[in-house]
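Student: Sequence first, then the predicted structure:
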Amino acid sequence: MHYSDVAISPAPGQYMTQTVTLDIGAGTETITDGEVFTIAGVFAYDNRLQAALDHLQEFRVIGNYTATAGNATLVRIFPAMIIPSAFSNTAQVNNDTAHATVAQAPTDGAAVTWITGTSAVVKPRAILNKDAIVVNTADLIMPATGIGSRKALTKVPLSVRMWQNSVFNTGEHQVRFDVALAANVVDRRRIVRINGS
């Protein structure tokens, strides 16, 4: 896989991902979003040091899949397997080496090892760098009744609408806060997931 093949995301959240075919043996198995696995012989690569590391690269499944007859096709994983290139195009070599994630490609039939066991219950926690996600917000319309105001927050990229209302018969005072936002992952490499039990 070349960096140029995965540098542009085909859909939101798919930057630096690729699809692979996994052979899980036989029968029908479910592969769920977030599962993590390693491939025998596929070691992680430090693209700043430009050297292979001494541990296998972990890959995360993106989406849910069902393996039938022991085969699951077009399983999307992160990160894409970018190898320091021996490609004849110098620019391609430089791009691949600068963004490499693995030291070598897997061999056909290489063993896949799942980090969590079948039906294991895990409680994932995440540590995110602020550059890992992008959040977009929009100003909500002002209410037609009651008292309303809008405030753009400075520390968090949000626009908040406050809406106050009172019920004359009971003296009840109501206040609500609303936000409209969309969030998307732009760089999974800046996210660390920790699985606990």
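Tutor: Now that the structure is in, tell me what you want to look at.

Student: Please parse the protein into its domains.
Tutor: As given by automatic domain parsing, the domain ranges for the chain are 3-128, 139-179.

Student: ok, now how distant is the residue in the chain sticking out farthest from the centre from residue 113?
Tutor: For the chain, the residue at maximal distance from the C-alpha centroid (C-alpha atoms, centre = their mean) is residue 169, at 50.8 Å. Applying C-beta to C-beta, to the nearest Å, the value for residue 169 to residue 113 is 66 Å. C-beta coordinates here come from the backbone N, C-alpha and C atoms, glycine included.

Student: Tell me the secondary structure of residue 93, please.
Tutor: Following DSSP: H, G, I helix; E, B strand; the rest coil, the label given to residue 93 is helix.

Student: which of the residues in stretch 158-170 are buried?
Tutor: The neighbour-count criterion (16 or more other C-beta atoms under 10 Å) identifies 159-161, 163 as the buried residues of stretch 158-170.

Student: tell me which element the closest residue to residue 69 other than its chain neighbours is part of?
Tutor: Nearest residue to residue 69, sequence neighbours excluded (C-beta to C-beta, 6 or more residues apart in numbering): residue 26, at 7.2 Å. Under DSSP states H and E, no helix or strand contains residue 26.

Student: you'd agree residue 26 is up against residue 67?
Tutor: No. Using C-beta atoms under 8 Å, residue 26 is not in contact with residue 67, being 9.4 Å away.

Student: the more surrounded of those two?
Tutor: residue 67 (20 against 10; other C-beta atoms under 10 Å).

Student: check contacts around that one.
Tutor: 22, 24, 27-31 (C-beta atoms under 8 Å, 6 or more residues apart in numbering).

Student: Please repeat the previous calculation with a cut-off of 6 Å.
Tutor: Residue 67 sits next to 24, 29 when contact means C-beta atoms under 6 Å, 6 or more residues apart in numbering.

Student: what does residue 15 give?
Tutor: Per C-beta under 6 Å, 6+ apart, neighbours of residue 15: residue 9.

Student: again, only this time at 7 Å
Tutor: Residue 15 makes contact with 9, 186-187, according to C-beta atoms under 7 Å, 6 or more residues apart in numbering.

Student: Right, I'll leave it there.
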